[in-house]
Every structure is written in structure tokens, then in C-alpha cells.
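>>> coords please:
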Amino acid sequence: MKITRKYIFILSLFFLISFGIYELLYAPFPVKQVNYVQVVKMVDQVGGDMIRVPSHYQGYQWYMSKNINADENIEQHMKEKGWKLKKKEDLQYFFEGVQGNIIVKSEVWKKNYTIFRFPEGI
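Next up is the predicted model:
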């Protein structure tokens, strides 16, 4: 049996689509030891607000927000704690305050949510 370019293309396309679907449906939740289903429900219930993820995984505080409100939520949350946003680069937020400077890292999860992490005690 002769394999043609057409069959190789179709097979490659099938694998790429399968991988994409797997990543969308089964993207791992970055905060371990937490029931992500409950966390997502909490975020959905508060509407556009941000919630604290009940975990101290890897020594960080974790918060989650819907993507549409993520920038405003983290800026407001940090402002209430005495921090001012200096700049944002990609998925990192640079804040300054009386205690010095801090970087809050974020990542998009399942295209609808943003998860923030920053050191304990902030």
C-alpha cells in the first residue's frame, strides 16, 4: 500500500485537532490540592469579582477571576492593600508600595479565567 501526501496530511491534521481538543478540555489546574470545579463555581457565582483560591500551594496566595475583569480586579485588590500598579508586561503585574516592589504573576486557564499568584502576606 502506497502512502500518499494526502493521507499523511489528513493523519497529521487529525492529531493536531485531537491535541487541541485535549488541551481545551483537560488543561490542568495550576493550583494543586484544590477542587477546581468548586473554585470555578465560586468565580461564576461572584459575577465579575475575584475570589481567593483556598490554597497555599508552593507558598503563594492564589486568586482567580474571569478574564474579562482580570486587570481591573487585581489592580483594585492590590490598591486596597496599599499597592500601586506601575506597569503590566504580558502576564506579569508590577506593583510598588511602602514595603517595596512586588511582581504578581498570572496565567490564563481554559481561556475564560485568569489565575494570579503572589507571595504570602501581601
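>>> Please, where are all the helices along the chain?
5-26, 36-45, 70-80 (DSSP state H).
>>> who touches the second one?
It refers to helix 36-45. Where contact means CB atoms under 8 Å, 6 or more residues apart in numbering, the residues beyond helix 36-45 that reach it are 29, 31, 50, 51, 53, 64, 65, 66, 113. (Glycine included, C-beta is placed from N, CA and C.)
>>> swap the cut-off to 10 Å and go again
Applying CB atoms under 10 Å, 6 or more residues apart in numbering, the contact partners of helix 36-45 are 27-31, 35, 49-55, 62-66, 109-110, 112-115.
>>> sorry, back to before: how about the helices of the chain in a markdown table, adding distance to residue 91?
Conversion of these to a markdown table gives the following (distance: least, CB to CB, whole Å):
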| stretch | distance to residue 91 |
| --- | --- |
| helix 5-26 | 18 |
| helix 36-45 | 18 |
| helix 70-80 | 10 |
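>>> Out of the helices and strands in this protein, which is least certain?
helix 5-26 (a mean of 79; mean pLDDT, DSSP states H and E).
>>> Only the C-alpha atoms, please, for that helix, written as PDB.
Output of helix 5-26 as PDB, limited to C-alpha atoms (Å, rounded to 0.1, in the frame of the first residue of the first chain):
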ATOM      1  CA  ARG A   5       0.800  13.000   0.900                       C
ATOM      2  CA  LYS A   6      -3.000  13.400   1.200                       C
ATOM      3  CA  TYR A   7      -3.200  10.600   3.800                       C
ATOM      4  CA  ILE A   8      -0.200  12.000   5.700                       C
ATOM      5  CA  PHE A   9      -1.800  15.400   5.700                       C
ATOM      6  CA  ILE A  10      -5.200  14.000   6.900                       C
ATOM      7  CA  LEU A  11      -3.500  12.000   9.700                       C
ATOM      8  CA  SER A  12      -1.400  14.900  10.800                       C
ATOM      9  CA  LEU A  13      -4.500  17.200  10.900                       C
ATOM     10  CA  PHE A  14      -6.400  14.600  12.900                       C
ATOM     11  CA  PHE A  15      -3.600  14.500  15.500                       C
ATOM     12  CA  LEU A  16      -3.400  18.300  15.700                       C
ATOM     13  CA  ILE A  17      -7.100  18.700  16.200                       C
ATOM     14  CA  SER A  18      -7.100  15.900  18.800                       C
ATOM     15  CA  PHE A  19      -4.300  17.600  20.700                       C
ATOM     16  CA  GLY A  20      -6.100  20.900  20.600                       C
ATOM     17  CA  ILE A  21      -9.300  19.500  21.900                       C
ATOM     18  CA  TYR A  22      -7.400  17.700  24.700                       C
ATOM     19  CA  GLU A  23      -5.700  20.900  25.800                       C
ATOM     20  CA  LEU A  24      -9.000  22.800  25.900                       C
ATOM     21  CA  LEU A  25     -10.900  20.200  27.800                       C
ATOM     22  CA  TYR A  26      -8.200  18.800  30.100                       C
END
